[in-house]
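Participant: sharing a sequence plus its predicted fold:
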Amino acid sequence: MNPTLRRWGGLTLLTAVALFLIAWLGGWVRFTIDPRLAEVLAMQREVDRLVAADGGPKTEAEARVIADAWGKIRDKTDGLPPRLRGQAAAAGWATAEAGKRRAMDRFFATPPAERKAELDRQIKSEKLIGGALAATAATRSGATASAAPSVGASTGQAGKQAGGQAGGGSVPPQGPSEDSRNAGRKGVIDNTSSSQRARFFEYQRALNERRKAAAGR
């Protein structure tokens, strides 16, 4: 081998090793998952198990357990460094998407004559969880406001409004915005086959129709 090429090859290898060592020492490269992130992921899996049990909560008490668990996850996630926080958020979105697919599969596994009842059950579970999340957000925001009474009542009200925003403060969101739903639909379109998309849109159309029917009752 040409001595010059050998020398440049050696320098390249040394540079690569040095960069790897810097990344490893800086915490950017890990061979095992960070225990703090592992704890959040385990909590996410537990909440997913609670949501998936029997197709979702059927009572306010069951929904409150789920909302309280999400609040604890938010607190733990907020305490992570930015790099781990992003990984936790990505895992949370993946878990949510898996839940949507699970609900859709339950719909298609149900006999056609019973699908409206299945959708009604799913909508009821959504409302129970949404109500529990809103109640948890109000309670947590109220506790924050009472911890600093000198700031004034207007700050407490602002805290409640911020608590209702997705990603605001350390309280769980009350529900996805229309923009979030549109982004989710775009994600489905971009990452699925035509037959999978047709299945998704059939389910989504039926679900929206039942929501409108429920709102009119």
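Facilitator: In hand now; what should we look at?
Participant: show me what counts as buried in the lengthiest helix in the chain.
Facilitator: Longest helix of the chain, by residue count under DSSP state H: helix 115-146. By neighbour count on 16 or more other C-beta atoms under 10 Å, the buried set for helix 115-146 is 115, 118-119, 121-123, 125-126, 128-134, 136-137, 140-141, 144-145. (Each C-beta comes from the backbone N, C-alpha and C, glycine too.)
Participant: try stretch 43-63
Facilitator: Here stretch 43-63 shows Met43, Gln44, Val47, Asp48, Leu50, Val51, Gly56, Pro57, Glu62, Ala63 as buried, counting by 16+ other C-beta under 10 Å.
Participant: repeat for stretch 74-93
Facilitator: Arg74, Lys76, Thr77, Leu80, Leu84, Arg85, Gln87, Ala88, Ala91, Gly92.
Participant: please apply the same query to stretch 192-212.
Facilitator: Arg199, Phe200, Tyr203, Ala206, Leu207, Arg210, Arg211.
Participant: quick one: residues contacting the fifth one.
Facilitator: Taking C-beta atoms under 8 Å, 6 or more residues apart in numbering, we find Leu207 in contact with Phe107, Leu119, Gln122, Ile123.
Participant: host element of Arg102?
Facilitator: helix 82-109 (DSSP states H and E).
Participant: please apply the same query to Ile33.
Facilitator: Using DSSP H and E, Ile33 falls outside every helix and strand.
Participant: can you pull the contacts of the closest residue to it other than its chain neighbours?
Facilitator: Counting by C-beta to C-beta, 6 or more residues apart in numbering, the nearest residue to Ile33 once its immediate chain neighbours are dropped is Leu41, at 7.8 Å. By C-beta under 8 Å, 6+ apart, Leu41 lies in contact with Ile33, Ala88, Ala91.
Participant: ok, now how distant is the nearest residue to Gly55 once chain neighbours are set aside from Lys58?
Facilitator: Leaving aside its chain neighbours, Gly55 sits nearest to Arg106 (6.0 Å; criterion: C-beta to C-beta, 6+ apart). From Arg106 across to Lys58, the span is 14 Å (C-beta to C-beta, to the nearest Å).
Participant: again with Thr110
Facilitator: From Thr110 to Lys58 the distance is 17 Å (C-beta to C-beta).
Participant: in this structure, what helix or strand scores lowest on average pLDDT?
Facilitator: The weakest-scoring helix or strand in the chain, judged by mean pLDDT, DSSP states H and E, is helix 153-163 (a mean of 35).
Participant: closest one of the buried residues of stretch 192-212 to Thr12?
Facilitator: Phe200 (47.7 Å; C-beta to C-beta).
Participant: helix, strand, or coil at the closest one?
Facilitator: helix (DSSP: H, G, I helix; E, B strand; the rest coil).
Participant: what do you get for the one 10 residues further on?
Facilitator: When the structure is split into helix, strand and coil by three-state DSSP, Arg210 lands in helix.
Participant: who touches the residue lying closest to it once chain neighbours are set aside in this structure?
Facilitator: Closest residue to Arg210 apart from its sequence neighbours, by C-beta to C-beta, 6+ apart: Leu119 at 4.2 Å. Residues in contact with Leu119 (C-beta under 8 Å, 6+ apart) are Phe107, Ala206, Leu207, Arg210.
Participant: could you do Val51 as well?
Facilitator: Pro57, Ile66, Gly99, Ile129.
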